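**Q** My questions are about this predicted structure, shown below with the sequence.
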Amino acid sequence: MTASQTARTARTGKPKLAFRPLPVPQVDVRGFWGDRAEAVATRTADILYDRCVEARMLEQIDPDRPSPGIVIPFHSPSPDEAASPGFTGSTVTTQMFWDSDLGKTIETAAYSLYRRKNPELENKIDAVIDMYGRLQQEDGYLSSWYQRIQPGKRWTNLRDCHELYCAGHLIEGAVAYYQATGKRKLLDIMCRYADHIASVLGPEPGKKKGYCGHEEIELALVKLARVTGEQKYMVLAKYFIDQRGQQPHYFDEEARARGADPKAYHFKTYEYSQSHIPVREQDKVVGHAVRAMYLYSGMADIATEYGDDTLRVALDRLWDDLTTKNLYITGGLGPSAHNEGFTSDYDLPNETAYAETCASVGLVFWASRMLGMGPNARYADMMERALYNGSISGLSLDGSLFFYENPLESRGKHNRWKWHRCPCCPPNVGRMVASIGSYFYSLADDALAVHLYGDSTARFDISGVPVTLTQASRYPWDGALEITVEPQAPVAFTLHLRVPGWSSGARLEINGEAVDLEELTSDGYAAIRRNWTKGDRVRLDLEMPIERLYANPEVRQDAGRVALSRGPLIYCVEATDNDTSLHRLTLPRTAGIEAHDEPDLLGGVVTLSATAQADAGDGWRDGLYRSEPPAKVETRLTAIPYFAWDNREPGEMLVWLRDG
Ligand SMILES: [Zn+2]
């Protein structure tokens, strides 16, 4: 029995029927995700470390070097805090989050080590961990910001300063690094810190009733509990979920305690951090988008661990609100730069879309945890949408350049950067891609669910029998999937295969015999229960039509427009492939759209092309307006997958085309 099984058994008396992701090293990915993961393992992981050094993060955490002081200026000024003693006139600098960037960098490196040994990087990470070991205080406390830059201020501003968020990312890094290398040092450091946190915060008398303004610690503590088998970390995670938004409001009390006026809060409303009301009462996705996704991920973990249906009901309301009113077609979310988050229903501007890479990555985290409660395409389809589009758009094909914002329209000036003052996104997409195998499958006592398709091999034990499952496919470019199941001895279990919502038709064969797919399918998954023997073959053919997608008429920015998709991929047009300014293009409803295999383009993609119409620019004699509409001329339109945009010469980009 594993430690996590022991933990579950001790808590409930019997293990729950919950689906757990396969650990990263048990899935070898090739093909599309193999290329992405290879780019992260060979380039991104090293780049992340190098950029952390260049940003002077190591100077901040190394107690043997002089503190770099404040390198990045404070921002988010709030007048009350400017006037209060001991504060520097503003509340937050992104430098406060450096521990989190290092945590995610460690996590990316850890997952990458499964794919490719990298002793040089491993040595560098070990040295970073040694620095944290020397930095940690006697009582277990560990924050490079509050120890090195603002000493004496710990636990005074959970609302703004990301203290527990940083702890959460270091915990996630510690868990991943322990699993990848067997080295426990950072794990032990973070257990000591988590114990310290539990001694300061919690429901017991004499403890602060606080929680973090930026969620993250909740899901991290669940991981820590699972890897150590220590239930106390699960209890602390549940406390943070339960306490959020309760009255009297902790952030009010905390502000008063440091001599600030709670009403002078920069973001005006606690919706910003989803702490306006208790989480079980929430029914609208509000505030900062990444925070929201991390909170819902933590809630989903606790719902699964405790069998808590009150959380599940709230999560389903929030899921509906996000996916029916507030989600870009790319799986991007959070349209506004002001609050890095949500605005009002159906407000989905394209050119100014904030759609932070981290928010889409966060949606993948949330969706994958909803699948812990059982296979359901309601969540898996959106996970796939966010994965293939709005999240990996944040990483260049070669793994070296990044997007923070992921707009759906660009005049050509939105280009990838080497690094960002707030570098949360690069290591977030890095760790997600490097651990992609664990999103493919989840395992229950006598069932395996296949959520994602792609050339890959998975190894797992079911009912004590080791099984190898191989997917041979060109997915996402082709919908034909050949799955081979090879148990070491015959074993009965249920194989759940997702039938994506975008597929217009699917055929299933088991060992060459056609099977009635509809009869087997519920919640978007076909459930194949049988006694599996070596060499059993399942063939799933997913029809992958080119689709024209339209937005709900309430979305003003997409009125009269159409987007193109094929399989899980959303497409866009880029200037470099098209002769006309993109805003002049119209795609007639009658136009036939063709798919083309382009093995030499953008690392190998399928492009779409059609005969379109363009507004002609002649006959205007330098005029700005006239009564006669522009003439239409025929032109060829070529579209590429959205995730691959801005990997060639800079230029315009457009997802939503004019519909003719
Ligand atoms: Zn980010």
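**A** Looks like it arrived, so ask away.

**Q** Might you enumerate the residues of this protein proximal to the ion?
**A** 356, 358, 424, 425 (Cβ under 5 Å from the ion). In short, each C-beta sits where N, CA and C put it, glycine included.

**Q** Looking at the residues you listed, which two lie furthest apart in space?
**A** Taking Cβ to Cβ, the two most distant members of the residues of the chain next to the ion are 356 and 424; they sit 8.0 Å apart.

**Q** list residues touching both of those two?
**A** Common neighbours of residue 356 and residue 424, using Cβ atoms under 8 Å, 6 or more residues apart in numbering, are residue 290.

**Q** Neighbour count for those two, which is higher?
**A** residue 356 (29 against 20; other Cβ atoms under 10 Å).

**Q** right, and the more buried one touches residue 405 too?
**A** Yes - Residue 356 is within contact range of residue 405, at 6.4 Å (criterion: Cβ atoms under 8 Å).

**Q** and the end-to-end length of stretch 553-561?
**A** 10 Å (Cα to Cα, to the nearest Å).

**Q** no no, stretch 369-381
**A** End-to-end distance of stretch 369-381 (Cα to Cα): 13 Å.

**Q** could you give the mean pLDDT of it?
**A** For stretch 369-381, the mean per-residue pLDDT is 94.

**Q** try stretch 26-46
**A** Mean pLDDT, computed over stretch 26-46, is 98.

**Q** who's in contact with it?
**A** With Cβ under 8 Å, 6+ apart as the criterion, stretch 26-46 contacts 105, 108-109, 112, 115-116, 118, 121, 392, 395, 397-400, 426, 430, 433-434, 436-438, 440-441, 454-460, 473-477, 603-604.

**Q** And the strands in the stretch 1-150 of the chain, which stretches?
**A** Ranges of strands within the stretch 1-150 of the chain are 20-21, 27-29, based on DSSP state E, counting those that start in this stretch.

**Q** Dump the ones you listed to a markdown table, plus mean neighbour count and distance to residue 464.
**A** Converted to a markdown table, the strands of the stretch 1-150 of the chain look like this (neighbours: other Cβ atoms under 10 Å; distance: least, Cβ to Cβ, whole Å):
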| stretch | mean neighbour count | distance to residue 464 |
| --- | --- | --- |
| strand 20-21 | 18 | 16 |
| strand 27-29 | 22 | 20 |
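
**Q** Convert the C-alpha atoms of stretch 568-576 to CSV, please.
**A** Listed next in CSV are the C-alpha coordinates belonging to stretch 568-576 (Å, rounded to 0.1, in the frame of the first residue of the first chain):
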residue,chain,number,x,y,z
PRO,A,568,-9.0,20.1,-30.7
LEU,A,569,-7.3,23.0,-32.5
ILE,A,570,-8.6,26.5,-33.0
TYR,A,571,-7.1,28.2,-36.0
CYS,A,572,-6.0,31.8,-36.8
VAL,A,573,-4.8,33.7,-39.9
GLU,A,574,-1.4,35.3,-39.9
ALA,A,575,-0.1,38.1,-42.1
THR,A,576,2.8,36.0,-43.4
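
**Q** Relative to the whole chain's centre, how far out is it?
**A** How far stretch 568-576 lies from its chain's middle: 21 Å, per Cα atoms, centre = their mean, to the nearest Å.

**Q** Then stretch 478-494?
**A** The answer for stretch 478-494 is 29 Å, by Cα atoms, centre = their mean.

**Q** what's the span of it, first residue to last?
**A** This stretch, stretch 478-494, spans 25 Å end to end (Cα to Cα).

**Q** The residues of the chain next to the ion in strands, which ones?
**A** With strands defined by DSSP state E, no entry of those lies inside them.

**Q** which ones are touching the residue in the stretch 251-400 of the chain that the ion sits nearest to?
**A** As assessed by Cβ to the ion, the ion sits closest to residue 358 within the stretch 251-400 of the chain, at 3.0 Å. The neighbourhood of residue 358, defined by Cβ under 8 Å, 6+ apart, consists of 290, 424, 425, 428, 429.

**Q** In helices, which of these appear?
**A** Cross-referencing the contacts of residue 358 against helices under DSSP state H gives 290, 425, 428, 429.

**Q** ok, the third one to residue 421 distance?
**A** Same thing as residue 428. As judged by Cβ to Cβ, to the nearest Å, residue 428 and residue 421 stand 16 Å apart.

**Q** and what of the first one?
**A** With the distance defined as Cβ to Cβ, residue 290 ends up 16 Å from residue 421.

**Q** These two - which one has more neighbours?
**A** Shown here are residue 290 and residue 421; by other Cβ under 10 Å, residue 290 has more neighbours (26 against 12).

**Q** so what's that one closest to, chain neighbours aside?
**A** residue 358 (4.5 Å; Cβ to Cβ, 6 or more residues apart in numbering).

**Q** how close does that neighbour get to residue 427?
**A** 10 Å.

**Q** Name the nearest residue to residue 475, ignoring sequence neighbours.
**A** Spatially, and ignoring its direct neighbours in sequence, residue 475 is nearest to residue 453 (4.4 Å; Cβ to Cβ, 6+ apart).

**Q** Confirm that the one you found sits in a helix.
**A** No - counting by DSSP: H, G, I helix; E, B strand; the rest coil, residue 453 is not found in a helix; it is coil.

**Q** pLDDT score assigned to it?
**A** 98.

**Q** Hmm, it is touching residue 480, no?
**A** No - the criterion here is Cβ under 8 Å, and residue 453 misses it with residue 480 at 9.9 Å.

**Q** Find residues that contact each of those two.
**A** Counting by Cβ under 8 Å, 6+ apart, the common neighbours of residue 453 and residue 480 are 473, 542.

**Q** who's more crowded, the two?
**A** residue 453 (26 against 15).
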